[in-house]
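S.K.: I would like to see how this sequence folds:
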Amino acid sequence: RQDWGARAQSKMWWAAAACGVASGVPMLFQGTEILQPGWWHTDQYFRWDLAPENGLGTEGGTGPAIEMMQLVRETLRLRKEHPDVCGHDPQVTHQDGKNMVFGVRRKGYLSVLHAGGQQW
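M.R.: Model prediction:
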């Protein structure tokens with residue numbers, strides 16, 4: 001939550017799953033939408049103190065939780081408005097495993113994922 005790089009990777013992987021690079025229905029585990037720290041586990045409860053909704057949260061009213069919730073909301077809106085983004089029959093147009101760069105085309109959409117740690 002406090003690590004910019006970890007937050008960026010969380011956002012990148014969510015967007016990749018929701019917007020066409022990965023196939024299938026994106027899944028959020030409890031707490032993902034607010035960047036709840038730690039591993040998901042059935043013995044841990046949702047951290048309401050991090051949630052910005054309805055004025056709840058001592059820590060979550062601004063910053064990482066709101067940014068992640070906005071990303072989730074916008075990517076789901078994109079999927080709804082442009083169903084071909086997550087359609088069937090993806091074509092891998094680029095695959096660079098060394099640099100972790102991938103391109104996937106679905107109908108008229110091209111999704112590019114740069115999952116590597118280096119900058120261009």
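S.K.: confidence score at Gly24?
M.R.: Gly24 is assigned 66 on the pLDDT scale.
S.K.: Checking Ser111 next. Helix, strand or coil?
M.R.: Assigned by DSSP: H, G, I helix; E, B strand; the rest coil, the conformation of Ser111 is strand.
S.K.: who's in contact with it?
M.R.: Contacts for Ser111 (CB atoms under 8 Å, 6 or more residues apart in numbering) come out as Ala16, Cys19, Gly20, Val21, Val85, Gly103, Val104, Arg105. Any C-beta I mention is one placed from the backbone N, CA and C, and that applies to glycine too.
S.K.: Equivalent analysis for Glu33, please.
M.R.: Applying CB under 8 Å, 6+ apart, the residues near Glu33 are Met68, Met69, Val72.
S.K.: CA atoms only for whatever helix or strand Leu71 lives in - export them in PDB, please.
M.R.: In this assignment (DSSP states H and E), Leu71 forms part of helix 64-81. Provided in PDB are the C-alpha atoms of helix 64-81 (Å, rounded to 0.1, in the frame of the first residue of the first chain):
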ATOM      1  CA  PRO A  64      -4.400   4.500  -2.800                       C
ATOM      2  CA  ALA A  65      -7.900   3.100  -2.000                       C
ATOM      3  CA  ILE A  66      -9.700   5.800  -4.000                       C
ATOM      4  CA  GLU A  67      -7.300   5.400  -7.000                       C
ATOM      5  CA  MET A  68      -7.700   1.700  -7.100                       C
ATOM      6  CA  MET A  69     -11.500   1.800  -6.800                       C
ATOM      7  CA  GLN A  70     -11.600   4.400  -9.600                       C
ATOM      8  CA  LEU A  71      -9.500   2.100 -11.800                       C
ATOM      9  CA  VAL A  72     -11.800  -0.900 -11.100                       C
ATOM     10  CA  ARG A  73     -14.900   1.200 -11.800                       C
ATOM     11  CA  GLU A  74     -13.400   2.600 -15.100                       C
ATOM     12  CA  THR A  75     -12.100  -0.800 -16.400                       C
ATOM     13  CA  LEU A  76     -15.500  -2.400 -15.700                       C
ATOM     14  CA  ARG A  77     -17.200   0.500 -17.500                       C
ATOM     15  CA  LEU A  78     -14.800   0.000 -20.500                       C
ATOM     16  CA  ARG A  79     -15.700  -3.700 -20.600                       C
ATOM     17  CA  LYS A  80     -19.400  -3.000 -20.600                       C
ATOM     18  CA  GLU A  81     -19.200  -0.200 -23.300                       C
END
